[in-house]
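**Q** Fold the following for me, if possible:
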Amino acid sequence: MIRVGLIVAVLACVTSCKKDPPPDSPGPTPTETADPTPADDTPPAQADAAPAVAQGFACERNFDCEVSCVEKDDCCGQLCQCSNAYHKRELEAVRAANVAKCGRKKMDCPVASCPGPTGDLVPACVDKKCTAVEVPHYSPDKRYTCKSDSDCVVTKVLPNDCCGQICYASAVYHKDELAAIQAVNDQRCTEKLKPICPQAKCAKPSTTTKAVCVKGTCQGKQVPWGQQ
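**A** Below is the predicted model:
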């Protein structure tokens, strides 16, 4: 009887052990979140600064500005009408940067067949910024025929030029052509657009120019000074 009771006790223990689940085993220890690496306040390395050609240069007068075919970061530039307005100091910086980029060797630049201009772009200082302003361009559209010397005039006026000749008058035109030239110049050379004209000390010449009519064309003839 003792042996039978022992067997029953063992079987009861085995059955009880299968029904009772084992105690939960402790899970893995949570990994502690590492403190984020503090941001590096050191600014990223930058390439050497390019010449200050993009900052813009404040102008004070039209004389500070220039219209050019030069393009920034371009080895060839514009092909036909120049339309880029720069402060003269900025233009120097752009040219220097282009030389550094392109070298001084001759570039294989495209060639364009450009039509004759119907207008010109002249530099102007507008609100302290250099700007290209379009103005009319004088081109002879007909032949002016003279009949006598009285149809011809000698002057310092030059086509599409606000300053004209500096010292001596030697430009010869038919008087009607001169009127057409002056009409265009008046539109080009307003108070807002007129440039600062150069000045020079002019020596007294030995000859002067006289306007004469030769075979229907106004021409200049050199005569002793004072015999216009």
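**Q** Could you list the domains of this protein?
**A** 62-107+117-136, 149-224 (automatic domain parsing).
**Q** For stretch 171-181, buried residues please.
**A** Ala171, Val172, Tyr173, His174, Glu177, Leu178, Ala180, Ile181 (16 or more other Cβ atoms under 10 Å). For the C-beta atoms, the positions are set from N, CA and C on the backbone; glycine is no exception.
**Q** Name the residues of stretch 198-205 that are buried.
**A** Under 16+ other Cβ under 10 Å, stretch 198-205 has no buried positions.
**Q** Quick one: end-to-end distance for that stretch.
**A** Stretch 198-205 has an end-to-end distance of 20 Å (criterion: Cα to Cα, to the nearest Å).
**Q** Distance-wise, check the most centrally placed residue in the chain relative to Cys162.
**A** Residue closest to the average C-alpha location in the chain (Cα atoms, centre = their mean): Asn84, at 4.2 Å. Plainly put, Asn84 is 21 Å away from Cys162 if you go by Cβ to Cβ, to the nearest Å.
**Q** Report the contact partners of the residue nearest to the centre of the chain.
**A** Val67, Ser68, Cys69, Val70, Glu71, Gln78, Ala132 (Cβ atoms under 8 Å, 6 or more residues apart in numbering).
**Q** go on, Val184?
**A** Taking Cβ under 8 Å, 6+ apart as the test, what Val184 contacts is Pro136, His137, Tyr138, Pro159, Asn160.
**Q** May I ask which two of those residues are separated the most?
**A** Pro136 and Pro159 (11.0 Å; Cβ to Cβ).
**Q** Give the residue from the two that has the larger number of neighbours.
**A** Pro159 (19 against 16; other Cβ atoms under 10 Å).
**Q** The more buried one touches Gln165, doesn't it?
**A** No. Between Pro159 and Gln165 there is no contact under Cβ atoms under 8 Å: 12.0 Å.
**Q** Pull up the pairing partners for the one helix or strand Pro123 maps to, direction included.
**A** Element membership for Pro123 (DSSP states H and E) is strand 119-126. Its sheet considered, strand 119-126 pairs with strand 129-136 (antiparallel) by DSSP bridges.
**Q** pLDDT (mean, whole number) over the helix or strand following the strand it pairs with?
**A** Using DSSP H and E, the helix or strand that directly follows strand 129-136 along the chain is strand 152-155. Averaging pLDDT along strand 152-155 gives 98.
**Q** who touches strand 152-155?
**A** 146, 164, 169-175, 178, 209-213, 218-220, 228.
**Q** one more time with 7 Å, if that's ok
**A** 146, 169-175, 178, 209-213, 218, 220 (Cβ atoms under 7 Å, 6 or more residues apart in numbering).
**Q** what's the pLDDT at the residue nearest to the centre of the chain?
**A** At Asn84, pLDDT is 95.
**Q** Who is it paired with across the strands?
**A** If you apply DSSP bridges, the partners that Asn84 bridges to are Ser68.
**Q** Distance check, it against Gln165.
**A** In terms of Cβ to Cβ, Asn84 sits 29 Å off from Gln165.
**Q** got it, and Cys130?
**A** In terms of Cβ to Cβ, Cys130 sits 27 Å off from Gln165.
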